[in-house]
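Undergrad: What follows is a predicted structure for the sequence shown.
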Amino acid sequence: ELAALEAYLLKIKPGCDFITENLDGRITARVKESQSLKDATALLKGSPVYRQAMEEQHQEDLGECKGICEKSEDHVDCKACIGKTSVPGYCASHPATAGC
């Protein structure tokens, strides 16, 4: 059993050595890859198509409150509509909101 274990360890040693010998290079490559993905994400999110899609989704998310929120999404009328509550009810818990 000991001989089998030693033979197995000798068999996998080249793979282990490869990993330890190339660890710094793999770490450097991973950092570069992560930064490249962040850069690509920023580039995509900055594109006009992405911004338009996000705005369309936001308008859709406003649902029945879209008309109310056209003036200002910071106004209590919009906030109360989105929260599915009354304006006085919203103002009771958020008195600093514009329009309260």
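TA: Perfect, I can see it now. Numbers count the residues shown, from 1 in each chain.
Undergrad: Remind me which helix or strand the one residue sitting closest to the centre of the chain belongs to.
TA: Centroid-nearest residue in the chain, with Cα atoms, centre = their mean: residue 41, separated by 10.1 Å. Using DSSP states H and E, the element containing residue 41 is helix 23-45.
Undergrad: cool, residue 51 as well?
TA: Residue 51 belongs to helix 48-62 when assigned by DSSP H and E.
Undergrad: Check the offset of the helix holding residue 41 from the chain's centre.
TA: The chain centroid and the centroid of helix 23-45 are separated by 16 Å under Cα atoms, centre = their mean, to the nearest Å.
Undergrad: Equivalent analysis for stretch 70-89, please.
TA: 27 Å.
Undergrad: what does stretch 8-21 give?
TA: That offset, for stretch 8-21, works out to 38 Å (Cα atoms, centre = their mean).
Undergrad: and what of stretch 55-72?
TA: Taking mean C-alpha positions (Cα atoms, centre = their mean), stretch 55-72 and its chain are 22 Å apart.
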